[in-house]
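> sequence unknown, structure follows:
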């Protein structure tokens, strides 16, 4: 647990939003997604990702071009897709309360917000 905390803290401190040649924000790495999932799997796993393994979710978020591809890999159902879209909308609008209402611990807001904001800025299509 301590090792994971220090790895996540190190990634958070070193995370720099960079822009690629297409002008998109660089997508978070596998490790960055995994750090967010480690703290949030209790609500994200069943609500958004069909209870998939955190490593599969992190890998899929790193590589999927859009929601359709993500949904196929994680076997997301219609309701989970709707909740994922609602979560991304809440993140885009800075609506912490909407995610807390979905089960996110309030203390997770900054990490969840910054990581998924970068996903959206990287060109991920909903």
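Cool, got the structure. Computed from a predicted model, the values in this text were never measured in an experiment. Residues are numbered from 1 along each chain as shown.
> Quick one: mean pLDDT for the strand or helix carrying residue 100?
Assigned by DSSP states H and E, residue 100 falls within helix 96-102. Averaged over helix 96-102, pLDDT sits at 97.
> Report all helices and strands that it contacts.
With contacts defined as 3 or more C-beta pairs under 8 Å, 6 or more residues apart in numbering; DSSP states H and E, helix 96-102 has these neighbours: helix 78-92, helix 109-121. All C-beta atoms are positioned from the backbone trio N, CA, C, and that covers glycine.
> in it, what's buried?
96, 99 (16 or more other C-beta atoms under 10 Å).
> Next: stretch 52-69.
Neighbour-count burial for stretch 52-69 [16+ other C-beta under 10 Å]: 52, 54, 57, 58, 59, 60, 61, 62, 64, 67.
> Let's have those residues in a markdown table, adding pLDDT and secondary structure.
Converted to a markdown table, the buried residues of stretch 52-69 look like this (pLDDT from 0 to 100; DSSP: H, G, I helix; E, B strand; the rest coil):
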| residue | pLDDT | secondary structure |
| --- | --- | --- |
| 52 | 95 | coil |
| 54 | 97 | helix |
| 57 | 97 | helix |
| 58 | 97 | helix |
| 59 | 97 | helix |
| 60 | 97 | helix |
| 61 | 97 | helix |
| 62 | 96 | helix |
| 64 | 96 | coil |
| 67 | 96 | helix |
